[in-house]
Structure formats: structure tokens, C-alpha cells
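Visitor: sequence and predicted model, in that order:
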Amino acid sequence: MKLLLISNSTNAGEAYLDYPKNNIKTFLESAGVKRVMFVPYAAVTFSYDQYLEKVKNRFNEIGIEIDSVHRYENPVKAIRDAEGIVVGGGNTFHLVKNMQANGLIEAIREKVLAGAPYIGWSAGSNVACPTLCTTNDMPIVEPMSFKTLNLIPFQINPHYTDAHPEGHAGETRQQRIEEYIAANKGVTVAGLREGCMFLIENNHIQLIGKRPLRIFKYGEEQRELNAGDDLSFLLK
């Protein structure tokens, strides 16, 4: 498999998809891919056409053509015919509900396991996991199941932050993930901070980015790992 799983599309104060664009370019060029199929279903408050145009502007800048499944009467065939697959961020529940309704969970999984490169950011990274359960999003719609693509054996929490605003009495992100691992004791969660991404190729995984990764597993002390550290345990 070839996966590029990005925490967030945009760093504060930067243009959309600016920070990961060169990683995306290198990733797709190494796979010999010049044209990709986009899945825009995480969009809620703007149209799929608007989402496609926004992503297309950045991808064209790095020499990659992009189309979208929402433009096809048969989205499963569009995925099967694609050179590579890109799943954008937004609301994970909305994304998964529409992927399931259009038969794309199975189609994308089969395509990626057969070698097609996969890029996701935010919700698009969440759906590469076994389930959507470590998303940060509100369940604005109800999918048929929480099960997603199951391309990796661990869960990602994108946009992971240590922030606890002054005067805020609610749970921190760390506390929410601790609840998850208490209820799902065998599952490892990777808190992927903004500006960071996972590159997974041929059973090798590396962290790209300047911020450390936070690892959560029930019964084990939480730890921070950096780019260059051995992350092979995540794929076991």
C-alpha cells in the first residue's frame, strides 16, 4: 500500500493545502500518478463542485489532474478506473455516510490494496483507520456503521492538540482519547498534530513534520515520538 495521511489541510495563516503540497507531489510522482479521483463527501456547508475547484487549484499547481466521484453516475467505476485516490477533510460522519451509500468503502479499499496511492487529510485520514471513532467531528448524520476503510490497524486522531483554553471546563482532547482507549482496550491511537502526516509504503511508516506524535494505548504510559523514530509497532 501507498498512503499519505495528513493531519490537516491548512496551517494557521497559510494558504489552503500549501504546507503539504510538495509532499503530495513527491508521493504521487513516486507512484507514477498524474491524475487522481477526489472524494468530496466531507463537505457540508459548501457544494462538492466548490470543494473540487478548491482542491483542483492546488493540485494543478503541482502538475496533478484531479476529478471527483460526484461528477459520475457510477462512482464505484470512477474509483476502479482511477490512478490514485484523494479523500478530503470536513465532517467525517457525512463523509462515511455518503461513502457507504455509494459503495465506496469496498471499492476504495480494493483499489488501494491493489496498489493505487491514497491521500487523505483530516476526515480523509480518519477513514483510512478501522473506524471513524477517533474523529473530532459532531455526528450530524448517522452512517450505517462506524467501520471505515481499515487500511491501517490503528486509529488516528487528526488535529491533535494539547490545548485547554482558560475558563473551559470541558474535557481535553487527551481525556477524550483516554475514554476511547478505556472502552476499546486493544486499540492504539496516534494523536497526529497539525502540520504533520504519516507516509506509509510497503509496510514501512514514517512521521513527517516538526511536531511530535502522541501515542495512546490502554494500560501503557503515553509517549511522544518524533520524525525519524521507529513507528513500525503501529502496523503490527
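Guide: Received, thanks.
Visitor: got any ranges where the chain has weak pLDDT?
Guide: Low-confidence regions of the chain, defined by pLDDT under 70, are absent; no residue qualifies.
Visitor: change it to 90
Guide: Applying pLDDT under 90 to the chain flags residues 162-171, 202.
Visitor: so what's Thr10 closest to, chain neighbours aside?
Guide: Distances taken as Cβ to Cβ, 6 or more residues apart in numbering place Tyr16 nearest to Thr10, at 5.2 Å, with adjacent residues excluded. The C-beta positions use only the backbone N, C-alpha and C, and glycine is treated the same way.
Visitor: could you look up the SS state of that neighbour?
Guide: coil (DSSP: H, G, I helix; E, B strand; the rest coil).
Visitor: hmm, who's touching stretch 163-177?
Guide: Contact with stretch 163-177 is made by Thr134, Asn136, Asn157, Tyr160, Thr161, Asp162, Glu179, Val189, Gly191, Arg214, Phe216, Gln222, as judged by Cβ atoms under 8 Å, 6 or more residues apart in numbering.
Visitor: the residue in the chain sticking out farthest from the centre and Tyr160: what is the separation?
Guide: Most distant from the centre of the chain: Gly167, at 31.2 Å, with distances by Cα atoms, centre = their mean. Distance of Gly167 to Tyr160, given as Cβ to Cβ, to the nearest Å: 22 Å.
Visitor: next: Pro20.
Guide: Counting by Cβ to Cβ, the gap from Pro20 to Tyr160 is 16 Å.
Visitor: show me where the chain has its helices.
Guide: 21-30, 48-61, 75-80, 92-101, 104-113, 123-126, 173-183 (DSSP state H).
Visitor: pick the most buried one from these.
Guide: For the helices of the chain, average neighbour numbers computed from mean count of other Cβ atoms under 10 Å are highest in helix 123-126, which has a mean of 28.
Visitor: which neighbouring elements make contact with that helix?
Guide: For helix 123-126, the packing partners by 3 or more Cβ pairs under 8 Å, 6 or more residues apart in numbering; DSSP states H and E come out as strand 2-6, strand 84-87, helix 92-101, strand 155-160.
Visitor: again, only using 7 Å
Guide: The contact analysis (3 or more Cβ pairs under 7 Å, 6 or more residues apart in numbering; DSSP states H and E) places helix 123-126 against helix 92-101, strand 155-160.
Visitor: got these as a markdown table, with distance to Ile62 columns?
Guide: Below are these laid out as a markdown table (distance: least, Cβ to Cβ, whole Å):
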| stretch | distance to Ile62 |
| --- | --- |
| helix 92-101 | 24 |
| strand 155-160 | 22 |
